[in-house]
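Undergrad: Below are the sequence and a predicted model for it; my questions follow.
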Amino acid sequence: MAKDLKEKIKPEVYRSLGLSDQEYQNITKILKRQPSNTELAMFSVEWSEHCGYPRSRKWLRLLPKTGKYKTLIGEDSGGIIIDGLAPLETTKPLNSKTKSLTGLAIIFKMESHNHPSQVEPYEGSKTGIGGIIRDIFTTGARPIALLDSLRFGPLNIGKSKYLLKGVVKGIADYGNCVGVPTVGGEIYFDKSYTGNCLVNVMCIGIAKRSELIRAKAFGVGNSIMYVGSSTGRDGIGGCSILASHEFKAGEEKRPTVQIGDPFTEKCLIEATLEAINTGYVVGIKDMGAAGLTCCTSEMASAGNSGMDIELQAVPRREENMQPWELMMSESQERMLICVKKAKVEQIKKIFLKWGLNASIIGEVTNDGGVTIRDNGKIVAQIKAHSLTQAPVYDMPYRKPRYLRELNKLTLSNILKPKDYNKVLRKLLAAPSITNKAWGYEQYDHMVQTNTVVLPGSDAAVLRLKGTNKAIAATTDCNSRYCFLNPYRGAQIAVAEAARNLVCSGAHPAAVTDCLNFGNPEKPESFWQFKNCVQGLADACRSFNIAVVSGNVSFYNESPKSAINPTPTIGMIGIINDINKTCLQNFKQKGDVVILLGYSREELGASEYLQEIHNLTRGNAPQLDLRLEQAVQKAALQVIEKGLVNSAHDCSEGGLAVALAESCISNKDNMIGAIIDNLNYDMRLDALLFGESQSRIILSCSSDCVEKIRKIALEFKAPFRVIGKTGGRVFRILKAEEELIYLSLEDLYEEWSGSLKKKIEG
Amino acid sequence: MKFGVVVFPGSNCDQDCFYVIKDVLKESVKYIWHKDTDLDGLDCVILPGGFSYGDYLRTGAIARFSPVMKPIADFAKKGGTVIGICNGFQILLEAGLLPGAMLRNKNLHFICRYVYIKTENNQTRFTKSYNAGQILKIPIAHNEGNYYIDAAGFKELRNNNQIVFRYCSARGEVSEQFNPNGALDNIAGIMNKKGNVLGMMPHPERSSERELGSQDGYPVFKSIVKWLKI
């Protein structure tokens, strides 16, 4: 280290690593000396926004960590515990000393891989999938499902098509090979994502509670083992340089993107779960962002211990790698394990059986420091806590001026359409609404044989083998709402995710979030972040559900634009009786169609305004959380009592689109409907395409209508019979006027074929 | 009755097959590691789906060299019952236990969805529980399911009734329109001449339980059990 210190570190050096002058000063204060190159590199990645959350942490504390289900908050992911049939009232963090660890743990997390995907869509999305899967199985949980929330610029731009194709192929090639089904998600298109696409991936895993393990290293003398792929120079600076800065014109960032290998990951899953099963593993962590630096410092810090590491023992695939390169590399499919000292050989054998590296690179100490050696010579020596306790910044924020103008919407200035059929057809073909089979049919969504509800409904449903229960999962965020009203937009994302789950028959249980925003150093951008987090926190509290894990992605900007604020919500729900699982499509002719909730005359921020009038204006739809709860509780009860044959959330495109989807989303059994009782007094375009919240469409046989009405009344949920199913045509009438008259085949063609046509021509 | 499910590195339907045999059929089953050289008195070997060795070369091309393939070939030669599903089918082709080859899907995409197949031959140990011509709703999930064989080979397949399943419409119409991957003559599954080795691209283990939306794959396993018990 002494030799390292001879030359004074120039500001260009630490600035090029993403550290500010002030941060550099702090580092010298902590160390009481100038850092070595390796130490500087380690601080730069651990204090980056991607790893240390210095700019967001203050606000993230608002998010509720407890809720109606028992929660588990881990280092890299979190989850809930299901003990019995009913949600539990008490909530305590998992205590590792607790002996009676019964129950099933559902572990889940969502993470972004936006910047790498924008630079190299195929490898970017692949490594996104790989990373999130590792975050799940390093808790001891078997990954059982993936969902992905993708956002791109408009499809008439060639680059957007290229990005979409690359990202979807990356997800398919990685997820399919690794054997984790991709069961749901969303794809949205908006011009704000033109220069910066979003790739948010969520993974769900399950484990017996007693088999869970944490990302901690403790027990002096225990071994630190490196397992998985060898280390190369790929991904150096991925988190600090790429993910923690906005895109500038003409920059070449491809070398910072990591490369993924799903075959190795599949072997790593099996080997790791087998190793954890032995009981000899103390703690384990994925070498994801910031690689070895992150694993050594965070595992030591979480375990209140220290670590002494010898870099010569690190398996590598390139020659002459410098210590700082080894510490920063983000080569994929690698993990660090803390193993009981006497059991090293047993664990090693498991990884070797699966054809993976397993090398002892150090041991646990009790000095609280992370000591890194290269051939015995110390190249870095830092207190673990000082690396993991990144500074917290209080970022200035300011409401953007443009909102005052944009929030104004005078309905009388919006031309009323002459032909509502034409509008409906156009909306069903709109890329953000249309059927996404082009994407999800490229994903294996059935492997592991748990998928009860396939992609394309409101939420994916997975059975829990050996029980009569299932979990439902969905991702949600309307970023146009969040752009025009971040606080309410984030609340709606939570409300709608919960509504999606309820429509499948599930009790909303817990949330993971992936918060995608622009440059936090711009006060207007930070205002969006702060308001979204507040909205998210308040909505989760009102539903009494916890945010168990999450991720922040800032700097989603390019010279072309900053993205719409996009707080993507991933939500899990519990279906207590798998036989009561509900789908969105009408089941039989002659059923009664019911609308729970009511419609307001509002068109602000709607897909209709965007697609038909090319306007992003007005305010997000109103949201009354009490009404939302009433509607959801009533819907859940009638579903659980088996009174309804279908349930569908009303969202983008409004009532007309939701009803059309209920008619056509089961290709083998499409059923028409006549909707003739929409007695609202309002503009017809608002009635058909307005996006009022808290609405659910049900269908049921006629003898169940009164029972449903009674339950709705009990919960104070507005109830209205609006029509009947049957025939080969979808019709909406108001008084004598026929607003919509379209054959099922016409509807299906618009809805099912348009995405493929736009992508493949 | 003893089933064995082979595990290659990269197999990912091994646990699904295991589950169906053990928990749905309630038969005895064990895993066979790809380096095992002894089949230990098994009655039926299942080569499951997945991406053996990552399928980085041609699908199944590396797996065929796994040590376990030698005893499986001997087992097949002696008339033992072998079924390869998806990647397992691809491995059987590479190993020469079934004739023909797999090309990439015609649309060059991975395809995962329900399709319909027609039972072309219900006089086999794998299909005895089906009616002649029975139409099955069953999922596929593959990137290379575009079956190909030369004209002479195809003639032989036909003459010997080795074509077991063909892609069709919900009503049983077999035509190019209902061919998901471009397979020659809509072939979804074939067997060897002796009738003891079956390869099929669709996944019967994914369609053996009511909760999953189709039980049409279940009779494949049921047929094997019945045949073995005779």
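TA: All right, it came through fine.
Undergrad: Any regions of the chain where pLDDT drops low?
TA: As the question left the chain open, I've gone with chain A. For chain A, residues meeting the criterion pLDDT under 70 lie at A:1-6, A:84-101, A:237-245, A:247-256.
Undergrad: Residue numbers of chain B in contact with chain A?
TA: B:9-10, B:12-13, B:15-16, B:19-20, B:23, B:49-51, B:53-56, B:109-113, B:139, B:141, B:143, B:170, B:203, B:205-206, B:209, B:211-213 (C-beta under 8 Å from any C-beta of the partner chain). C-betas here are computed from N, CA, C, even on glycine.
Undergrad: Using neighbour counts, trim those residues to the buried set.
TA: Burial by neighbour count, 16 or more other C-beta atoms under 10 Å in any protein chain shown: within these this picks out B:9-10, B:12-13, B:15-16, B:19-20, B:49-51, B:53-55, B:109-112, B:139, B:141, B:143, B:203, B:205-206, B:209, B:211-213.
Undergrad: Correct me if wrong: residue A:201 contacts residue A:147.
TA: Yes. With contacts counted by C-beta atoms under 8 Å, residue A:201 reaches residue A:147, the gap being 7.5 Å.
Undergrad: Those two - which one has more neighbours?
TA: Comparing residue A:201 with residue A:147 by other C-beta atoms under 10 Å in any protein chain shown, the one with more neighbours is residue A:201, at 31 against 25.
Undergrad: what helix or strand does that one sit in?
TA: Here residue A:201, judged by DSSP states H and E, is contained in strand A:198-208.
Undergrad: just checking, which of the buried ones among the residues of chain B next to chain A belong to helices?
TA: Within those, residues falling in helices by DSSP state H are B:15, B:16, B:19.
Undergrad: Columns pLDDT on top of these, output as JSON lines?
TA: Below are these laid out as JSON lines (pLDDT from 0 to 100):
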{"residue": "B:15", "pLDDT": "97"}
{"residue": "B:16", "pLDDT": "97"}
{"residue": "B:19", "pLDDT": "97"}
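Undergrad: What residues of the longest helix along chain B count as buried?
TA: In chain B, taking DSSP H as the definition, the longest helix is helix B:218-229. Across helix B:218-229, burial judged by 16+ other C-beta under 10 Å covers B:218, B:219, B:220, B:221, B:222, B:223, B:224, B:225, B:227.
Undergrad: tally of neighbours for the nearest residue to the fourth one once chain neighbours are set aside?
TA: This means residue B:221. Once flanking residues are discounted, residue B:221 sits nearest to residue B:25: 5.5 Å by C-beta to C-beta, 6 or more residues apart in numbering or on different chains. Residue B:25: 18 surrounding residues under other C-beta under 10 Å.
Undergrad: Tell me if I'm right that residue B:25 and residue B:224 touch.
TA: No. In this structure, residue B:25 is not within contact of residue B:224 by C-beta under 8 Å, at 9.1 Å.
Undergrad: Which parts of the stretch 451-600 of chain A are strands?
TA: Remark: strands assigned in the stretch 451-600 of chain A by DSSP state E, counting those that start in this stretch are A:451-453, A:460-463, A:470-476, A:507-516, A:546-553, A:566-575, A:592-596.
Undergrad: Tell me if the shortest one is near chain B.
TA: Yes. In terms of C-beta under 8 Å from any C-beta, part of strand A:451-453 sits within range of chain B, namely A:451, A:452.
Undergrad: Can you tell me the strand partners of that strand and which way each runs?
TA: Paired strands of strand A:451-453, with direction, are strand A:460-463 (antiparallel) (DSSP bridges).
Undergrad: Mind splitting chain A into its structural domains?
TA: A:3-35, A:49-181+A:191-388, A:399-434+A:582-761 (automatic domain parsing).
Undergrad: Give the residues shared as contacts by residue A:201 and residue A:147.
TA: By C-beta atoms under 8 Å, 6 or more residues apart in numbering or on different chains, residue A:201 and residue A:147 have these common neighbours: residue A:110.
Undergrad: Show me what whichever residue of the stretch 1-150 of chain A sits closest to chain B is bridged to.
TA: Using C-beta to the nearest C-beta, the single residue of the stretch 1-150 of chain A nearest to chain B is residue A:142, 9.3 Å away. Counting by DSSP bridges, residue A:142 forms beta bridges with residue A:206.
Undergrad: Who are the contact partners of it?
TA: Applying C-beta under 8 Å, 6+ apart, the residues near residue A:142 are A:205, A:206, A:207, A:269, A:273.
Undergrad: Show me what the next helix or strand after the strand holding residue A:201 is packed against.
TA: Next helix or strand after strand A:198-208 toward the C-terminus (DSSP H and E): strand A:223-228. Using 3 or more C-beta pairs under 8 Å, 6 or more residues apart in numbering or on different chains; DSSP states H and E, the elements in contact with strand A:223-228 are helix A:262-277, strand A:334-339, helix A:344-353, strand A:357-365.
Undergrad: tell me the most buried of these?
TA: Among the helices and strands packed on strand A:223-228, ranked by average contacts under mean count of other C-beta atoms under 10 Å in any protein chain shown, first place goes to strand A:334-339 (a mean of 28).
Undergrad: Pull up the pairing partners for that strand, direction included.
TA: strand A:223-228 (antiparallel), strand A:281-286 (antiparallel).
Undergrad: now could you export just the CA positions of the last one as PDB?
TA: Coordinates of each C-alpha in strand A:281-286 appear next as PDB, following Å, rounded to 0.1, in the frame of the first residue of the first chain:
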ATOM      1  CA  VAL A 281     -23.500 -22.000   5.200                       C
ATOM      2  CA  VAL A 282     -23.400 -19.000   7.600                       C
ATOM      3  CA  GLY A 283     -24.300 -16.300   5.000                       C
ATOM      4  CA  ILE A 284     -24.300 -15.700   1.300                       C
ATOM      5  CA  LYS A 285     -24.500 -12.800  -1.000                       C
ATOM      6  CA  ASP A 286     -24.600 -12.200  -4.800                       C
END
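Undergrad: Centre of the chain to the following helix or strand past that strand, how far?
TA: With elements assigned by DSSP H and E, the helix or strand that comes after strand A:281-286 is helix A:291-302. Chain-centre distance of helix A:291-302: 24 Å, with C-alpha atoms, centre = their mean, to the nearest Å.
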